[in-house]
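S.K.: turn this into a structure:
(chains A and B)
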Amino acid sequence: MQKNVLPLEQIDSYRWKLPMEYKPGMRVDGIIYTEGKLLEALLNDQALEQVANVATLPGIVKASLAMPDIHWGYGFPIGGVAATRVEDGVVSPGGVGFDINCGVRLLRTSLTFEEVKPKLRELIDQLFLSVPTGVGSSGKIKLSKEEMRKVMTEGASWAVKHGYGWKEDLDHLEESGFLSSANPDMVSNEAARRGQDQLGTLGSGNHFLEVQVVDEIYHEKAAQAMGLYPGQITILIHTGSRGLGHQVATDYIATMGKALQKYGLNIPDRQLACTPVESPEGQNYLGGMASAANFAFANRQCITHWTRETFEHIFGLGAKKIGIEVIYDVCHNIAKIEEHQVNGKKMKLCVHRKGAVRAFPAGHPELPTDYKNIGQPIPVPGDMGRFSYVLVGSEKAMEETFGTTCHGAGRQKSRTQAKREIKYQDLIEELASKGIVLKARSRETVTEEAPLAYKNIVDVVEVAHGSGISPKVARMKPIGIIKG
Amino acid sequence: MKVPVSGFTILDHTADIGLLASGPNLEEAFVNAAKGMFSIIAHVDTPVSPLQPFSIEVEADSLADLLISWLNRLLYLYDTEKVLFSHFEILELKPTKLLAKVAGEPIQDKHKINTYIKAATYHDVQVIQNEHCTLRVIFDV
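M.R.: Numbers count the residues shown, from 1 in each chain, chains lettered A, B, ... in the order given. A predicted model of the protein is given here:
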């Protein structure tokens, strides 16, 4: 394959610069967090070109950033971060993506691997029955129009109020599981309808629920604060705002595309459609986006509840006794208004994180009391055959990346390529040989999501750790997975 | 890449899936784009009967935008009505407006659904009109 030739300048072992002179219209440099091997793969596709395109957005400050798991997306790269000035910059729905507040939630238990092993198959079968999965899956919760509005306004607390989980869960969610900027009036009837029967569903594609065992601790103090220790069982839930978020994004990308001319905006890729943050279109989008984000928080909250019920059923003990508590819940695809220091000046910014995760440091006012001294926990899923990690936010991330780090391993093979190269039966046998039980609705989804389709999470996390933006706390191995 | 005069081809894209669709005229190319999209969603070897009809009307600023709106409208109907579409008839196609009649069958187990498409994106969307028409779309899956 022909490699792209780009004028990249190496800053240090983990940072490369794509200078703003590279492409006309770039307002800032591109900064890529990567290392030799990962960078090599990046030169095969258009991901870095997309970093350059994002650098052209009006009002962008400091740099168009690429996190260590960056890969080729549409418009923004996945793993892309852009912060724009609220006063004169733009907001771009493409900088958030179609799966608004797709994210992960990590739960801990007080169970050990030895206790779970004999019942693993039964546990995974039961989880598969309890948590609706699959393409276009409908949930067990039927929402009226009015209730749907409440979910979009209240987020995870709507779920807790309706018996899905515990009040204390909310303290351990990014933004306590709801964005107060939500405005359901800015969500079209179509978008609301698309989400109405999907609350409490996992969906398909790369979404999953995984039972894991902690196998390494790197940062004792942080692990202790998060209640993590070797041999312990954890649960990782990956899903988002489902059809609701897809339709909100679809609606606003179309709206903003039409408004480009009105604001005299020129963009290199129509998928980067944007309008000024403070324009009516910008504000409406942010209100609609936050509504979808709240739905996603509620979605992960409902799934947490059914996960607890399933564990109670299988192990014959209450979920409180089993200690199924939320460690943390983070957004992968989101735009937030935050204050950051840029060139020594405090600025109000619209931080777009597209396949990237907030990584706030110790002492940040947004963090709950038990993480105040260590920083924000960041669960980072790998692939179904290798590892997942927990990282922790840092001052370095605040200084360099608007408090942001990687969100996962990042794809390296297309879905069609994965399906061509990987046979379902071989994959299941390979996973079984590692003691991993998998239950999925679609064989194709499984092969598309095979470990080989992803970069090695170990390499990705090494960049996040080595560059100092989010040190490693713990590593987990998958033992059981349910998928769409 | 070689594209048939009338039909569709699936394209590789690291994170997503692309589609090239073509036809002797725009109407047929738009129909083939819809067929291509539903071939990504479900196995084509299970026949889908035109049991449930719907009318579609979309407006946009350009042909490329119209193509994306057309496909996104079908995805919306698929997701909310739970209907797998197989029959597409374009009644009117102007650069800024499309009227169509579409039909399909309520999704059942026999249909073997493969992929959930979140949306058709504007990234690298192309409408090429020569002696025949070629369309290019990247989907977010």
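
S.K.: put the alpha carbons of the helix or strand hosting A:Ala335 into CSV.
M.R.: Using DSSP states H and E, A:Ala335 sits in strand A:333-342. Provided in CSV are the C-alpha atoms of strand A:333-342 (Å, rounded to 0.1, in the frame of the first residue of the first chain):
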residue,chain,number,x,y,z
ASN,A,333,-18.6,11.4,21.8
ILE,A,334,-19.5,14.8,23.1
ALA,A,335,-19.1,18.6,22.9
LYS,A,336,-18.9,20.5,26.2
ILE,A,337,-18.5,24.1,27.2
GLU,A,338,-15.5,24.1,29.5
GLU,A,339,-12.9,26.6,30.8
HIS,A,340,-9.3,26.0,30.0
GLN,A,341,-6.0,27.9,30.1
VAL,A,342,-4.7,28.7,26.6
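
S.K.: sheet partners, orientation included, of that strand?
M.R.: According to DSSP bridges, strand A:333-342 forms sheet pairs with strand A:345-354 (antiparallel).

S.K.: what's the first helix or strand after the helix or strand bottoming out on mean pLDDT in chain B?
M.R.: In chain B, the helix or strand scored least confidently by mean pLDDT, DSSP states H and E is strand B:7-12, which has a mean of 92. Heading C-terminal from strand B:7-12, the first helix or strand you meet, by DSSP H and E, is strand B:17-23.

S.K.: what's that next one packed up against?
M.R.: The helices and strands touching strand B:17-23, judged by 3 or more Cβ pairs under 8 Å, 6 or more residues apart in numbering or on different chains; DSSP states H and E, are strand B:7-12, helix B:26-41, strand B:133-140. From N, CA and C alone the C-beta is placed, and that goes for glycine too.

S.K.: what about the last one, distance to the chain center?
M.R.: The gap between where strand B:133-140 is centred and where its chain is centred comes out at 9 Å by Cα atoms, centre = their mean, to the nearest Å.

S.K.: now do the shortest one
M.R.: From the chain centre to the centre of strand B:7-12 is a distance of 12 Å (Cα atoms, centre = their mean).

S.K.: ok, now the longest one?
M.R.: For helix B:26-41, the distance from its own C-alpha centre to the chain's C-alpha centre is 4 Å (Cα atoms, centre = their mean).

S.K.: what about it, average pLDDT?
M.R.: Helix B:26-41 shows a mean pLDDT of 96.

S.K.: could you see whether chain A lies near the helix or strand following that helix?
M.R.: Per DSSP H and E, the first helix or strand lying C-terminal to helix B:26-41 is strand B:52-59. No: judged by Cβ under 8 Å from any Cβ of the partner chain, strand B:52-59 stays clear of chain A, getting no closer than 9.8 Å.

S.K.: what residues does the stretch 1-150 of chain A have near chain B?
M.R.: Counting by Cβ under 8 Å from any Cβ, the residues of the stretch 1-150 of chain A near chain B are A:45, A:47, A:71-75, A:78, A:97-99, A:134-136.

S.K.: try 10 Å this time
M.R.: Taking Cβ under 10 Å from any Cβ of the partner chain as the contact definition, the stretch 1-150 of chain A meets chain B at A:41, A:44-47, A:50, A:53, A:71-78, A:94, A:97-99, A:102, A:134-138.

S.K.: give me the buried subset of those.
M.R.: A:41, A:45-47, A:50, A:53, A:71-78, A:94, A:97-99, A:102, A:134-137 (16 or more other Cβ atoms under 10 Å in any protein chain shown).

S.K.: re the thing from before, so which bits of the least confident helix or strand of chain B are buried?
M.R.: Residues of strand B:7-12 classed as buried: B:Phe8, B:Thr9, B:Ile10, B:Leu11 (neighbour count, 16+ other Cβ under 10 Å).

S.K.: swap in stretch A:385-403?
M.R.: Applying 16+ other Cβ under 10 Å to stretch A:385-403 flags A:385-398, A:400-403 as buried.

S.K.: among the residues of the stretch 1-150 of chain A next to chain B, which are in helices?
M.R.: A:Ala41, A:Ala47, A:Gln50, A:Asn53 (DSSP state H).

S.K.: the first one is in contact with A:Val460, isn't it?
M.R.: This means A:Ala41. No: using Cβ atoms under 10 Å, A:Ala41 is not in contact with A:Val460; the gap is 11.2 Å.

S.K.: got any residues that touch both of the two?
M.R.: Listed as contacting both A:Ala41 and A:Val460 by Cβ atoms under 10 Å, 6 or more residues apart in numbering or on different chains are A:Thr34, A:Gly410.

S.K.: check contacts around A:Leu202.
M.R.: Contact analysis of A:Leu202 by Cβ under 10 Å, 6+ apart lists A:127-128, A:131-134, A:137, A:139, A:208-209, A:237-240, A:242, A:299-300, A:303, A:441, A:482-484.

S.K.: measure the closest residue to it other than its chain neighbours to chain B for me?
M.R.: Using Cβ to Cβ, 6 or more residues apart in numbering or on different chains and skipping residues adjacent in sequence, the residue nearest A:Leu202 is A:Thr133, 4.4 Å away. Computed as Cβ to the nearest Cβ, to the nearest Å, the A:Thr133 to chain B distance reads 11 Å.

S.K.: kindly report the same for A:Pro280.
M.R.: As for A:Pro280, its distance to chain B is 19 Å (criterion: Cβ to the nearest Cβ).

S.K.: cool, and A:Asp169?
M.R.: 27 Å.

S.K.: most remote residue from the middle of chain B, which is it?
M.R.: Within chain B, B:Asp109 marks the point farthest from the mean C-alpha position, 22.2 Å out by Cα atoms, centre = their mean.

S.K.: who touches that residue in this structure?
M.R.: Contacts for B:Asp109 (Cβ under 10 Å, 6+ apart) come out as none.

S.K.: now do the one 10 residues further on
M.R.: When contacts are counted by Cβ under 10 Å, 6+ apart, B:Ala119 touches A:74, A:97-99, A:245-247, A:249-250, A:253, B:68, B:71-72, B:75-76, B:138-141.

S.K.: ok, which of the helices and strands packed on strand B:17-23 comes nearest A:Leu107?
M.R.: Of all the helices and strands packed on strand B:17-23, the one in closest proximity to A:Leu107, counting by Cβ to Cβ, is strand B:133-140 (28.1 Å).
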